[in-house]
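Asker: need a 3D model of the following:
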Amino acid sequence: MRTDPQSSVPAAGDAPATAWTAAQVRQISLDAAHSAPILGPSDVVRAAPDIDIWDAWPIQDADGAAFALPGGETLWMALGAPRFPDPDERHGHARIHLFSRTDGRWSDLGPAMPDGFSPGSREWSGSAVLDQDAASLTLYFTATGRRGEAALTFEQRLFRARATLRGQTGSWSLGDWRDLNEFVLLDPDFYMASDAGSGAVGTIKAFRDPAYFRDPADGRHYVFFAASKAGSPSAFNGVIGAARADEEAAAQWTILPPIISADTLNNELERPHVVFHEGRYYLFWSTQSHVFNPEGPVGPTGLYGMVAEGLGQQWRPLNGTGLVFANPPQAPRQTYSWLVMPDLQVTSFVDDWGDDVSAPREKRFGATFAPMLRLRLSGENAELEA
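Answerer: Model prediction:
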């Protein structure tokens, strides 16, 4: 067992992966405290007129909170792409954009990284940490495909880069990009190659979405990421993976075995991330109904999670099922890609919204930030605040 020399707390990766099971999903029952409020037209306010945006994350401090700049302004990143008649095309054109948020209003500040810097043909989700100097930033992100490839591939690699934040209120930019490196390499003993699946929606294999977390128990640095289990006979082999760095500079990372396994149950446990709250660790992820194994119980599109007393301890599903909350039954695809912050606010983006989804129609893609929600956590119980 790996433990910190000054602590008896087991490290993440010490315990076998916790299984998220069909029996747990079969117990899901929606009620008002575990269903998101339905969105109306006034809730869908575009953050940028000329691009669609989706997966988003705040530029955080080392403890995970959105880094507050003078005047209360916060900076965010989100995936952005030009608008297409078929919104699914956006995934092949994704760039990470920088946004500012002041008094609930969003401003698009343009692509975070300069053209030609990212090693992928597109940029997928990650996380970003600003140092205490409020200038030096580390971005963890997914480089998908290879820059210059003739046809898009679905290879996903985890990269890390440094930049300098410059500007002033309402006019920020990131410059002096440097130290680009593939900081976590896929270990085939643990994880399936990310380009092993097809390119069809819901069948893509994962090695993406690095979310940074510093363990308050021992100061170790972690990233949690979406992955696919190696050696599984099932097409539904989603897992949550992790990597760790022990030193302050967080330059050398060790990949760890899976933390959570949905093998045979679900193909994608997306954007996993950890929040430390009242002495417990809460591990959250997003998933969609269409990536559950149709031969087993199918859960709703929603935010799911587990809780443990330490990163190296066994995880227990929140509410006994793993479901934290789902989209409302009248609008089962209205929002997605939830991210819980340390203050228990929850951000997401507006997906296929409206309460008429059962009727044949074109997808109504909101392509903007959804209204913030807030959780209430108490031990193994989680629900939405009214």
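
Asker: C-alpha coordinates for stretch 336-348, CSV please?
Answerer: Extracted C-alpha coordinates of stretch 336-348, given in CSV (Å, rounded to 0.1, in the frame of the first residue of the first chain):
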residue,chain,number,x,y,z
TYR,A,336,-25.3,18.1,-20.0
SER,A,337,-21.7,18.0,-18.8
TRP,A,338,-22.3,19.0,-15.2
LEU,A,339,-19.4,20.2,-13.1
VAL,A,340,-19.7,20.6,-9.3
MET,A,341,-17.6,23.3,-7.6
PRO,A,342,-16.4,23.4,-4.0
ASP,A,343,-19.3,25.8,-3.0
LEU,A,344,-21.7,23.1,-4.5
GLN,A,345,-22.8,25.3,-7.4
VAL,A,346,-23.2,23.2,-10.5
THR,A,347,-22.6,24.4,-14.1
SER,A,348,-23.6,22.8,-17.3
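
Asker: now that stretch, how far from the chain's geometric center?
Answerer: Remark: stretch 336-348 is offset 10 Å from the chain centroid, using C-alpha atoms, centre = their mean, to the nearest Å.

Asker: can you list contacts of that stretch?
Answerer: Stretch 336-348 is contacted from outside by 54-58, 63-66, 125, 270-271, 273, 275-277, 282, 284, 286, 288, 301-303, 305, 335, 349, 351, 369-370, 372-377, using C-beta atoms under 8 Å, 6 or more residues apart in numbering. Where you see a C-beta, it was placed from the backbone N, CA and C, and this is true even at glycine.

Asker: strands - which of those land there?
Answerer: Within those, residues falling in strands by DSSP state E are 54-58, 125, 270-271, 273, 275-277, 282, 284, 286, 302-303, 305, 335, 349, 373-377.

Asker: give me the nearest residue to the residue nearest the centre of the chain, chain neighbours excluded.
Answerer: The centroid of the chain falls nearest to residue 271 when counting by C-alpha atoms, centre = their mean (2.2 Å). Nearest residue to residue 271, sequence neighbours excluded (C-beta to C-beta, 6 or more residues apart in numbering): residue 209, at 4.7 Å.

Asker: how about residue 56?
Answerer: Distances taken as C-beta to C-beta, 6+ apart place residue 78 nearest to residue 56, at 3.8 Å, with adjacent residues excluded.

Asker: ditto for residue 167
Answerer: Residue 167's closest residue in space is residue 173 (C-beta to C-beta, 6+ apart), at 5.4 Å.

Asker: wait, what's in contact with that neighbour?
Answerer: By C-beta under 8 Å, 6+ apart, the contact list for residue 173 reads 98, 109, 110, 165, 166, 167.

Asker: in a markdown table: those residues, plus secondary structure.
Answerer: Formatted as a markdown table, the contacts of residue 173 follow (DSSP: H, G, I helix; E, B strand; the rest coil):
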| residue | secondary structure |
| --- | --- |
| 98 | strand |
| 109 | strand |
| 110 | strand |
| 165 | strand |
| 166 | strand |
| 167 | strand |
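
Asker: so how do I select the buried members of those residues in PyMOL?
Answerer: To isolate the buried ones among the contacts of residue 173 in PyMOL, judged by 16 or more other C-beta atoms under 10 Å, type:
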select buried, resi 98+109+165
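
Asker: check the residue nearest to residue 350 when sequence neighbours are not counted and give its pLDDT.
Answerer: Nearest non-adjacent residue to residue 350, counting by C-beta to C-beta, 6+ apart: residue 366, 2.6 Å away. Looking at residue 366, its pLDDT reads 96.

Asker: before we move on, what about the one 5 residues further on?
Answerer: What the model reports as pLDDT for residue 371 is 97.

Asker: tell me the contacts of it?
Answerer: Residue 371 touches 39, 43, counting by C-beta under 8 Å, 6+ apart.

Asker: the stretch 1-150 of the chain: strands as residue ranges?
Answerer: With DSSP state E, counting those that start in this stretch as the definition, the stretch 1-150 of the chain shows strands at residue ranges 18-19, 51-60, 74-82, 95-102, 105-111, 122-130, 136-144.
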